[in-house]
Every structure is written in C-alpha cells, then in structure tokens.
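Engineer: Following is a predicted model, sequence given first.
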Amino acid sequence: MKVLVTGGAGYIGSHACLELLRAGHEVVGFDNLSNSSEKAISRVRELSGKPLRFERLDLLDKQGLGRLMKEGFDAVMHFAGLKAVGESVEKPDLYRRNNVEGSANLLAAMKAADCRNLVFSSSCTVYGAVQKNPVTESHPRAAVNPYGETKLAVEDMCFELARVEKGWRIALLRYFNPVGADASGCIGEDPKGMPNNLMPFVMQTAVGRRDKVRVWGNDYPTPDGTGVRDYIHVTDLALGHLAALGRLDRFDGALAVNLGAGRGYSVLEVIRAASKAAGKDIPYEIRPRRPGDAAAIWADPSFAKKSIGWGATRGLDEMCADHCRWQTQNPEGFAS
Ligand code: NAD
Ligand code: WQD
C-alpha cells in the first residue's frame, strides 16, 4: 500500500514509518517538526534500508496538504498533533486549532483526493475519569483537559463523517501509555525540555540528565500506593497500526479500538524494571499527588484481538531494555 504518515518524524510516527517500510509498504511522511527532528527520518531510512520520502509540511497549510494528497494514497496514518496536557491548559486555542482544525483539513484533503482510509491516533484520555477497569471501548467518554477535548472532537468528526458519507473506513486507535523504542536503540522518544511522562523521566535519570524521579503520590488505592497504568511498547503500538491498516477493508465507517497491553504496572514497578534494565538503582523520592491524575487505568484489549487481530507481545522488561538502549546511545536524544 502507499501510505501517507502525518507526524512521521515524531515518536510514534517514526516507529510506524519503520514498521510500514519493514512490511514492504511505500511510505511518504510529513511533519512540521514542531516537536521532532528530521534526524528520526534519516535513521528510519538507515534502519529499513528503504526509501522514505519526507516533506516539511503543516496540517494548517491546506494548499500543501491538498497538493500532497492529490498524489494518490491508499491510506493515511494520522499522528500529527500536540500532546502536552499541561500546555493544552495554558493554550487551549492553540490545541484546538492545531489538532482539530488540522485534522479537519486533513479529512477535507482526503475527501478531495478520494482517499477514505484513515488510522487516527486517539488516546485513553477520551475515557476521562475512569469508572471501572479494565476499560472497554464502550466506557463513557469525557474530556478532562483541552488536549482530551481535541481527541474527543476529532473522534466525533470521524464518527459523523462516516455516518453521513459512505465509503469511509476509519480506525480510531485509543492508545494507553506508549513507551520503549525500536530494539536498535536508534530512534526513540525525545521530549523537549522536562519530560512530563514517567518513562522518559526515569530513563533521563538513569543516564544522569536528572537527579531523581519524582513519584507523584504513594497514597492511591493501589497495591503499593503509586499510580497504575497500562504501558505499551511503541513497536507493538506501531504493529497495531499495521494490523488496523490490513483490516480496514472490513470496516464499515469509523470504529474505536483500544491499543493497550491489558495489564497495569505501578510507578514503583516501572522504576524497578527500569533499574534492572539500566543495571543500577534509579533514585526516586515520593512527592504529593499530581493534580488530575487517576489512581489506575488499564485497557481491556480484547476488542483489538477481535477486530484487527492484534495483541501486544512485549512485556515491561523489554519496554525498559529498549527505552534504556535508546537513551544510553542517545543521552541528549536526537541532539546527541
Ligand atoms: P510527538 O510529538 O512525538 O509526534 C507528533 C508529531 O506531530 C511531532 O513530530 C510534531 O512535530 C508533529 N506535528 C504537530 N503538529 C503538527 C502540524 N500542525 N502539522 C504537522 N506536524 C505536526 O508525539 P507522539 O507521542 O508520537 O504522538 C503521536 C500522536 O499520538 C499524537 O496525536 C498524540 O496525541 C497521540 N497519542 C500519544 C500518546 C503518548 O503518550 N505519546 C498517547 C495517546 C495518543
Ligand atoms: C504515568 C504515571 C503519574 C511522571 C499521559 C496523558 C494521557 C496519555 C498518556 C496522550 C502516573 C506517574 C509521572 C513523573 C510520576 N497521552 N508519574 N512521576 O498521566 O497516565 O497519561 O500520557 O494521549 O493523555 O495524560 O502518563 O507518564 O505522565 O504518568 O510519578 O515524573 O506515572 O502520576 O501515575 P499519564 P504519565
């Protein structure tokens, strides 16, 4: 298939480009590089040994988007978007414009080019305050921050489009907590500034970029009191996109699918597994709870098995080993 990947230079997009190329697809990627480096693209070319065309393009550039789509694609994987929850609270309009308007532009360009096959990066954030674990796709949706609102809005846009117009086949993949890196250690997550997410913070501590991990609360109603999440290896996640792509022809309209491993790990379990991978104790201290955090959330991944024939295969030790290899080989990320 000829696949267009938006946000192709980003963390998950670059891993998806790599797995698409490894599986023999033709890939064109674009990104405005607002949160990524073009080095990720050259590393994907090296790792795959295949050509990968890349353009610096913004979702808000309707003309550029229209021109690119008109080249003809079998499907689009749409990763491009802003994803920092804290920043979205400070700049809700930026998030709405970039993520919602940007996605609307993409859908319009797809329609004009007669391409109606889409795999979209949604998120477990659409479940809001979780009422019951494991979370199934029928759990009520709610936004708890402006970032979450943008995911709900794009999901709704897709559901509505598929309802009123025949021919759309859309997989709304709701990721849980992506971590890890390609096993080569050549591409990986490279957050700008202080990481918000646990795994990059833990691994930057392992390589000496941070003093210690701050554990946000140990008084949650969980086995060890720290927050529990469903971590999923980014390669499993990328393969989930390929699985969805391969099953799109059986879709009729838009369908939401959880991509999670189906089990939760606590913050302390992650720090322990990361310490094992790093071969040293990673220092941490207990701090007060982070406002807005849930105690525990993990996926029911059974619908992914049924609908797209996919399930995660990589466990926490492999996630930590691969993330650690990336961070050790590239202590300053792509600027190393
Ligand atoms: P990322 O920031 O590494 O990748 C997103 C990419 O999109 C970046 O390279 C950025 O430069 C690009 N981009 C942003 N706005 C753009 C625009 N207007 N035009 C063109 N490019 C633009 O983030 P990621 O972790 O790879 O996330 C990919 C997608 O998955 C996002 O939509 C995110 O919301 C979603 N998601 C991520 C997580 C996670 O924890 N990483 C969880 C659930 C969902
Ligand atoms: C995981 C656990 C923290 C950092 C976020 C987004 C969500 C989705 C996934 C995109 C929690 C604890 C964290 C630290 C810590 N992204 N923690 N010290 O909060 O589950 O979800 O990423 O769609 O929308 O909100 O992920 O990695 O930030 O936190 O103790 O320095 O680690 O309290 O229990 P989260 P996270």
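Structural biologist: Sure, I can see it. Quantities reported herein were computed from a predicted structural model and do not represent experimental measurements. Ligands and ions are numbered 1, 2, ... in the order given.
Engineer: helix/strand/coil for the closest residue to residue 159 other than its chain neighbours?
Structural biologist: Using CB to CB, 6 or more residues apart in numbering and skipping the chain neighbours, the partner closest in space to residue 159 is residue 254 (5.0 Å). In short, each C-beta sits where N, CA and C put it, glycine included. Under DSSP: H, G, I helix; E, B strand; the rest coil, the three-state class of residue 254 is strand.
Engineer: my guess is residue 254 contacts residue 170, does it?
Structural biologist: Yes: counting by CB atoms under 8 Å, residue 170 is a contact partner of residue 254 at 3.9 Å.
Engineer: From ligand 2, how far out is residue 103?
Structural biologist: Distance from residue 103 to ligand 2, counting by CB to the nearest ligand atom, to the nearest Å: 14 Å.
Engineer: And for residue 240?
Structural biologist: 15 Å.
Engineer: contacting residues for that residue?
Structural biologist: For residue 240, the contacting residues are 173, 259, 304, 308, 310, 312, by CB atoms under 8 Å, 6 or more residues apart in numbering.
Engineer: Also residue 52?
Structural biologist: So residue 52 contacts 17, 21, 27-29, 41, 44-45 (CB under 8 Å, 6+ apart).
Engineer: circling back: ok, residue 254 and residue 170, which is more surrounded?
Structural biologist: residue 170 (25 against 21; other CB atoms under 10 Å).
Engineer: which residue packs closest to the closest residue to ligand 2 within the stretch 101-250 of the chain, ignoring adjacent ones?
Structural biologist: Residue of the stretch 101-250 of the chain nearest ligand 2, by CB to the nearest ligand atom: residue 227 (2.2 Å). Among residues not flanking residue 227 along the chain, residue 267 sits closest, at 5.5 Å (CB to CB, 6+ apart).
Engineer: So the one you found versus ligand 1, what's the distance?
Structural biologist: As judged by CB to the nearest ligand atom, residue 267 and ligand 1 stand 15 Å apart.
Engineer: which residues touch that residue?
Structural biologist: 198, 215-216, 226-227.
Engineer: element containing residue 238?
Structural biologist: Per DSSP states H and E: residue 238 is located in helix 234-247.
Engineer: cool, residue 257 as well?
Structural biologist: Secondary structure (DSSP H and E) places residue 257 in strand 253-259.
Engineer: Sheet partners, orientation included, of that strand?
Structural biologist: strand 169-175 (parallel) (DSSP bridges).
Engineer: chain center to the partner strand, what's the gap?
Structural biologist: 12 Å (CA atoms, centre = their mean, to the nearest Å).
Engineer: Let me know the next secondary structure element after that strand.
Structural biologist: Using DSSP H and E, the helix or strand that follows strand 169-175 towards the C-terminus is strand 177-179.
Engineer: For residue 214, give its distance to residue 226.
Structural biologist: Using CB to CB, to the nearest Å, we find residue 214 at a distance of 12 Å from residue 226.
Engineer: Would you mind confirming that residue 192 is in contact with residue 37?
Structural biologist: No: between residue 192 and residue 37 there is no contact under CB under 8 Å: 10.0 Å.
Engineer: Contacts only, for the residue in the stretch 151-300 of the chain positioned nearest to ligand 1.
Structural biologist: Across the stretch 151-300 of the chain, no residue is closer to ligand 1 than residue 175, which sits at 3.8 Å (CB to the nearest ligand atom). By CB under 8 Å, 6+ apart, residue 175 lies in contact with 12, 121-124, 232, 237, 259-260.
Engineer: can you count the residues close to residue 129?
Structural biologist: Neighbours around residue 129, by other CB under 10 Å: 10.
Engineer: swap that for residue 195, sorry
Structural biologist: 18.
Engineer: circling back: settle it for me: which of residue 214 and residue 226 has more neighbours?
Structural biologist: Between residue 214 and residue 226, residue 226 has the larger neighbour count (other CB under 10 Å), namely 24 against 16.
Engineer: Quick check: the gap between the closest residue in space to that one that isn't next to it in sequence and residue 180.
Structural biologist: Once flanking residues are discounted, residue 226 sits nearest to residue 267: 3.8 Å by CB to CB, 6+ apart. When distance is defined by CB to CB, residue 267 is 17 Å away from residue 180.
Engineer: can you check residue 24 too?
Structural biologist: 23 Å.
Engineer: The two - which one has more neighbours?
Structural biologist: More crowded of residue 24 and residue 180, by other CB under 10 Å: residue 180, with 27 against 8.
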